[in-house]
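Engineer: Give the three-dimensional model of this entry:
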Amino acid sequence: MVVKSTEATSPQESFDGEVLYYLAGSVIRQVSLNHGMRDEAVAGMPMVATAAMWTVTREGIYFAPYKNPSRLRYYDFATKSVRDVFVPEKDLLGSRRRSSVRLPMSNPV
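Structural biologist: Below is the predicted model:
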């Protein structure tokens, strides 16, 4: 197995034991543990915020995107598509994005 990046961090093995995923900079890369000697970027996978903000599941990868780390997104291995899982009302720095909560108005006395 040859990993081209000297920045390889946060390795995670697939559930079937056939693929090793790792982070190189902000890009998740993969290498076959059984058949291949080459590593490659995961096709269609956006960049990840940090090494601590992604995890591999049986069917995809949960991650916080590089440009918007407050969101939780999901990359599906089968469809190579990405969808939002969680979008907060505020980002991590506390600036307001939008409000989906309506508070009741208090009655004047």
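Engineer: wait, Val82 sits on Val48?
Structural biologist: No: using Cβ atoms under 8 Å, Val82 is not in contact with Val48, being 11.6 Å away. Backbone N, C-alpha and C define where each C-beta goes, glycine included.
Engineer: Compare neighbour counts for the two and give me the winner.
Structural biologist: Using other Cβ atoms under 10 Å, the more surrounded residue of Val82 and Val48 is Val48, with 23 against 17.
Engineer: for that one, what are its contacts?
Structural biologist: Val48 makes contact with Leu23, Ser26, Val27, Ile28, Trp54, Phe63, Ala64, Pro65, Tyr66 under the criterion Cβ atoms under 8 Å, 6 or more residues apart in numbering.
Engineer: So of these, which two are at opposite extremes in space?
Structural biologist: For the contacts of Val48, the maximum inter-member distance is 14.2 Å, found between Val27 and Ala64 (Cβ to Cβ).
Engineer: Who's the closest spatial neighbour of Ser10, skipping the chain neighbours?
Structural biologist: Nearest residue to Ser10 in three dimensions, chain neighbours excluded: Ala51, at 4.0 Å (Cβ to Cβ, 6 or more residues apart in numbering).
Engineer: May I ask which helix or strand encompasses that neighbour?
Structural biologist: Ala51 is part of no helix or strand when elements are defined by DSSP states H and E.
Engineer: Give me the common contacts of Val82 and Val48.
Structural biologist: Both Val82 and Val48 lack any common contact, where contact means Cβ under 8 Å, 6+ apart.
Engineer: Return a ChimeraX selection command for the buried portion of the contacts of Val48.
Structural biologist: ChimeraX command restricting the contacts of Val48 to the buried ones, with burial defined by 16 or more other Cβ atoms under 10 Å:
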select :23,27,28,54,63,64,65
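Engineer: now, which of the contacts of Val48 sits nearest Val42?
Structural biologist: For those, the nearest to Val42 is Ile28 (4.9 Å; Cβ to Cβ).
Engineer: Good, wrapping up.
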